[in-house]
Structures are given as C-alpha cells and as structure tokens.
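# Okay, sequence plus prediction incoming.
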Amino acid sequence: MVKFVALIATALYTAAVSAQSCPTAQPNHLCCRSLAPFSSNSYVWETICGITGVDPNSQTASFCEELVPCPTGVISACCEELFTCQSGVDGPIGINCTRVEN
C-alpha cells in the first residue's frame, strides 16, 4: 500500500511539473502578479534596477516567485531571462515572457 501511495504521489508531482514546463527559448517559469510591456515601467527597470537594452514591447513579469504550480490568482509565465532589482521588492523579474496555463 505504501508503494502504491508513493507511486500516485510521484505521478501527481510529475503531472504538475510537466504542466509548468517552459519551452527552451523561455526556460524560466515564474508565478507573478504583473505581466506588462517593459515600457510600462521602464523608468524603474532601467534607473532603479539597471536593466537596459530591452525591447520596450517585451513582456516583463514582476512581483514574481519561482513556484510550481502557481497559486490561484497569480499569472503563470515562461520567461527568457531573469533579473533581480537592488530594491528586492519585485522578486525575480522576467524578461520576454509568455503567459502560460497554470
């Protein structure tokens, strides 16, 4: 019985991880409160966080955590690059992100 329960738990965990897998071009999975073009907050990203050289239209995820799966009420996203901001308030910041099913 214990082996059966362990097998079921492993299968459920694998299904959850597989559901959150990201493509090779955007390998970083994040759970975020915000996903918007870089230009919508470019002053903060460039001046405070030092993130430069990003296409203004690039979808940028902020107020993120690296969780699998994402809790209800947050945006699940796959991102090309991750940055941190000196303030530390925004959590990991994802650049060139795509919203994915949670």
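Structure's in. What do you need? Residues are numbered from 1 along each chain as shown.
# quick one: T47 is in a helix?
Yes. Counting by DSSP: H, G, I helix; E, B strand; the rest coil, T47 is found in a helix.
# mind checking how far it is from R99?
Per C-beta to C-beta, to the nearest Å, T47 is found 27 Å from R99. C-beta coordinates here come from the backbone N, C-alpha and C atoms, glycine included.
# neighbour-wise, which of these two wins?
With neighbours defined as other C-beta atoms under 10 Å, T47 and R99 compare such that R99 has more, 13 against 10.
# Run through the bridge partners of Q59.
P37 (DSSP bridges).
# To what extent is it buried, counted in neighbours?
The tally of other residues near Q59 (other C-beta under 10 Å) stands at 19.
# Find the nearest non-adjacent residue to I95, please.
E81 (4.5 Å; C-beta to C-beta, 6 or more residues apart in numbering).
# That neighbour sits in which helix or strand?
Assessed by DSSP states H and E, E81 sits inside strand 75-83.
# Check what contacts the helix or strand immediately after that strand in the chain and list those residues.
As assigned by DSSP H and E, the chain's next helix or strand after strand 75-83 is strand 93-99. By C-beta atoms under 8 Å, 6 or more residues apart in numbering, the surrounding residues in contact with strand 93-99 are 26, 28, 30, 32, 35, 38, 45, 49, 51, 54-55, 58-62, 64, 75-85.
# in stretch 35-52, what's buried?
35, 38, 41, 44-45, 49, 51 (16 or more other C-beta atoms under 10 Å).
# Kindly report the same for stretch 24-34.
26, 28-32, 34.
# Among the buried residues of stretch 35-52, which pair sits farthest apart?
The two members of these with the most space between them (C-beta to C-beta) are L35 and C49, at 16.5 Å.
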